[in-house]
Structures are given as C-alpha cells and as structure tokens.
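> Got a sequence here, can you build the structure:
(one chain, ligands or ions: 1)
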Amino acid sequence: MNRRQKAKTGENDVALVPDGAAINGVTVLNSLWSATWARPAFPFLAGDLLCDILIIGAGLTGVNLAYLLKKAGANVVVIDGGEVGEGITSGTTGKITVQHGLFYDRLTKEAGSEQARQYLAANDAGKERYLSIIEEESIACDLEKAPAYLYSFDDAAAIAAEARACESLGLPVSFLKEMPLPLPVAAAVKMEEQYAFHPLRYLAAIAKGLPIYTGTRAIAIEGRTVKTNRGQIKADQIVLACHYPFINTPGYYFMRMYQSRSYLLAFANGPQIGGMYIDAREDGLSFRNWRNLLVMAGEDHHSGDNQKGGRYAALRREMAALYPQAQEVYHWSNQDCVPLDRRPYIGPFSPKLPGVFIATGYNKWGITNSMAAALILSDLLAGRPNPWADVFSPQRHPEIWPLLRHGFTSAGGFSRSYLYMPPYEARLLPPGHGGVVSYRGKKFGVYRDEEGNFFPVSARCPHLGCQLEWNPDEKSWDCPCHGSRFDHLGRLLNHPAQTDLRHEP
Ligand code: FES
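Alright, predicted model coming up:
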C-alpha cells in the first residue's frame, strides 16, 4: 500500500485544515459562514502563563464568556487548539431563537414547570444579551428579526402540546394549520420576535482585543494547571468550553451524551421565505434565509452511523422538489452534543475537580445556550448564585433507561472492534471510497482516492477504542461511540479523541 505524507504542524498539534482546500482529492468544505468572514488572527501561546480564569475553547461559549468577564474586569485568558470559530460555531444555522423544537412540553413533563421556566429564562436572557451586545458594539453581523415556525407533517397533537407548554411558561405563540412555506403541514407553532445572524461575523467582532491564544491545545488538567502543546497555564478557575470535554474522568460526560451530525446547504435563486422553519422530527428539515440565499439543514443522524451515505443527495432532492430553480452554492456539515435528557451541562465539572467548570451538550440549540452558559458561568465563577443554574446542573442524574440504551449503542461500537470481520479487502474498494479492511490478520481503515492511492490508518478510535466507520458523504472516519471524527489521512476533526489516528501498516 502506498502512503501519503501526513501534513502536521508539530508533534502534538491537531492539524489545521484550511477552508475549502482540496487535500489528496478530498475537499474540505467551507460553511456559508466560514466562506464569508475574515478570520481574526491570534498568536500561539509562547511559554508558561498565569491568569485568574482560563477558558478552553474559542467558539461562541468561550468568547462570549471571555467578553463578559473582561467587561467585568476579570483577568481571563482563552486558548483553542485550532482557530477562533473554527469548530461548531462555523457550522450552525445561526438562529438566535428560544424555539427549541418539541422541548418545552417534554421538559415540563419530565422535570416540572420550574425547571422549564429556568431553561426558557436563561435562553431568553441569552437572546436579549446578543441583541444588546450587537447594538452596543455596533456589530455588522446581518442581525435580522424573523418569526420561528415549528411544524409537523403528521403530528398536530405534538405541536398543540408544545404550543400549550409555551403558553403556560408565559411564552406567546400561535397555533397554525398552515404556514408561509409551501409544505403540506398538519400543524405549526409560530413564535414572534426571534432573530438570525451571521455567527462568525458576530464572533470576530467580540473576539477583538481579547487575550486569545490559538493553535494552543489543552492536553491535561492537573490541579489548577492546564498543560498545553505550547506551555503550561496556571489559573484559579478553568472553564471547558470546547464542545466536548477532553477529559474522560471524573465527570464521565462521554456516558451522558452522544453526538449528532447534520448536513446543511445554501442555495441561490431561492425565495425569501419570511421566517425560520424547523420540522419537529429530529431528522427533519429546517430553513432560513441569509441575505439572498436560502439555507437548508437536515438528515441528522447519530455520529458514526452513516455507512450508506446519501445525506447531501437527499437534501438536494428535497430542495429540487420545493424550489426547482434553486442553485446550490455551499454545502457543509456540523456536529452537536446531545445529552440523554436533552438539557445542557453548565456548571461545576465534578465535585472531584474543584475550580473546573463545563459548558456542553447544547443539543441543536447552541446559539442561545452558549450565551446562557456565559451568563450563568459569569455568576458562578464570581461566587454569585444564578437563578437558572439548577436546570443545567452537571451534577443532576439523568433517567437510567436512556443511559442504558446509549450504553448499548456504544457497546455495539466497542464490540465491533473485536468481533466484526469486514467482507472485502482494500483492493476491492472503488476509487473515492473508504472501508475497514483486513490485512495480514489485522484491521485497518483504508481510503482509496480517485487515482488509486491507498491511505491506511488505524481503524481503532484513540478515545476509548471503538471501531471507526467510514462516512462516504464527508470522506471521514467517524466513531459510533462518542462521535470523534478524523479525515481520510487520520487527522482529528472532532473530539473527544485527542490525537490523530495512527498510520498503518
Ligand atoms: Fe469514544 Fe471513539 S469517541 S471511543
């Protein structure tokens, strides 16, 4: 087997993949947002550092929090293994809304109205804080007011129950039998006074002037010291705002949430649709406009469970049926952490790690939840109580059954690594495809490019050892257990894994 040179920037670096680049025939996709902003430049950490508060992760959570803390006079530092806004923030749909799917009815039934009220109040405060920051800082981020619609093709009762739950929490909504988008819905609920923006243009504006070090990857936490690939940082308090916690224990977050992938496309020549729309089904479609483009998302699935592919093709068919004149200009994907009870984890990381805080598990609603997390953590870090902290407490105990179900899913990934024997060999892989193959009694993940070159990597996830699966839509190796992902060269794309894949053989 041939092997191409691995492009790395240093022994411990996660390779930075440039926007829109073609690497050995595999194109790394721009999101609409990352193709239409100017990425701000920040330095690497040079040597050791002392600070009061260290935030790990320079996405919306970390930068919002650093912005609030710096305004309050705190000595705060942010580090990120990649670049500012490079992760989940760049892949979102960019909706500043408290319309969170069929969630308020579920939360009220499962946790009671007081907890549902806290969740809504935190997210509503998050929404309002975006508006006030954008106004105070005069940020040009295409902020736009738009109603948010939640619709269902076949379950009017679920939509009606969600409308009742919203009303009972004091959130005004309208129950509709049809909506402006030409879809044959059974029912929809409409929420006024919601917003959409360009998430990266907002992020770039508030990141300006903050002490951020990029290309600086946290490797371990020892007491109040964070070891990075570029030096050590001592801090009184540490916040993990890095999408997925990079330490497994204590906390065991990998047992309490899974990762979900979704696929997004932006089209020219589509109509202005007068709002933001989302299907109540978890794998259904959502729509919004940005300027003259129409953004569509959907085809969600558990990360690591896309062996057949065809996700983008399915979305293209949907758009062709709805608006045949629409022309695709961007497509990209994203990945969300989904707690088993659907509530984010925001607060102390674990009683066994004093001084360390976490914000993760925003389900599909990272824009308002990231600002809610920044507001809550601003209080907790200063030793002040926060009125919404209870519903997000990382120390809550989720229902045992979803936990066990998730455990079985993960166990499937673990056991495959020992039991599954792939039925084909590398030479049978068609060009442009990847698969797990058997070679001299061992199993490897192999990608075969269009020219016939093979790129073998270890098929074992470096996080906790599950067998990786090939994702044909993204030409990546995805882990079905906790959602780590790697490109065809084995370079880490998504945590919780911390390292690239080994090259084989
Ligand atoms: Fe946990 Fe792969 S992400 S084993």
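> quick check: mean pLDDT across stretch 163-176?
Mean pLDDT, stretch 163-176: 98.
> And stretch 279-293, end to end?
20 Å (C-alpha to C-alpha, to the nearest Å).
> Give the buried residues for it.
By neighbour count on 16 or more other C-beta atoms under 10 Å, the buried set for stretch 279-293 is 279-281, 284-290, 293. Just so you know, the C-beta spots here come from the backbone N, C-alpha and C atoms, and that holds for glycine as well.
> Under the pLDDT cut-off, which ranges of this structure? List them.
The chain contains residues with pLDDT under 70 at 1-29, 397-428, 439-441, 504-505.
> Next, the residue nearest the centre of it: secondary structure please.
Centroid-nearest residue in the chain: Asp336, 3.4 Å away (criterion: C-alpha atoms, centre = their mean). Under the three-state scheme (DSSP: H, G, I helix; E, B strand; the rest coil), Asp336 adopts strand.
> now the strands for the stretch 401-505 of the chain?
Assigned by DSSP state E, counting those that start in this stretch, the strands in the stretch 401-505 of the chain fall at 433-439, 442-448, 454-458, 469-471, 476-478, 485-487, 492-494.
> The fourth one packs against which elements?
It refers to strand 469-471. Packed against strand 469-471 by the contact rule (3 or more C-beta pairs under 8 Å, 6 or more residues apart in numbering; DSSP states H and E) you find strand 433-439, strand 476-478.
> what's the distance between the shortest one and the middle of its chain?
The chain centre lies 16 Å from the centre of strand 476-478; the measure is C-alpha atoms, centre = their mean, to the nearest Å.
> repeat for stretch 141-160
So, by C-alpha atoms, centre = their mean, the centroid of stretch 141-160 is 21 Å from its chain's centroid.
> How about stretch 429-440?
Distance of stretch 429-440 from its chain centroid, counting by C-alpha atoms, centre = their mean, is 29 Å.
> Buried ones in that stretch, by neighbour count?
By neighbour count on 16+ other C-beta under 10 Å, the buried set for stretch 429-440 is 429, 434-437.
> likewise stretch 50-68?
Buried residues in stretch 50-68 (16+ other C-beta under 10 Å): 51, 53-68.
> of those residues, list those near the ligand.
Residues of these in contact with the ligand (C-beta under 6 Å from any ligand atom): none.
> Out of the residues you listed, list just those in helices.
Among those, the members falling in helices (DSSP state H) are 60-68.
> right, and out of these, which lies closest to the ligand?
Thr61 (20.6 Å; C-beta to the nearest ligand atom).
> can I assume the closest one is in contact with Ala373?
Yes - with contact defined as C-beta atoms under 8 Å, Thr61 counts as touching Ala373 (5.3 Å).
> Now the common contact residues for these two.
241, 359 (C-beta atoms under 8 Å, 6 or more residues apart in numbering).
> now the helices for the protein?
60-71, 104-111, 113-136, 156-168, 199-207, 311-322, 366-381, 389-392, 400-419.
> Turn these into a markdown table, including distance to Gly445.
Listed next are those as a markdown table, based on distance: least, C-beta to C-beta, whole Å:
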| stretch | distance to Gly445 |
| --- | --- |
| helix 60-71 | 32 |
| helix 104-111 | 37 |
| helix 113-136 | 40 |
| helix 156-168 | 40 |
| helix 199-207 | 32 |
| helix 311-322 | 20 |
| helix 366-381 | 29 |
| helix 389-392 | 37 |
| helix 400-419 | 12 |
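> most tightly surrounded among the strands of the stretch 401-505 of the chain?
Comparing those by mean neighbour count (mean count of other C-beta atoms under 10 Å), strand 476-478 comes out on top with a mean of 26.
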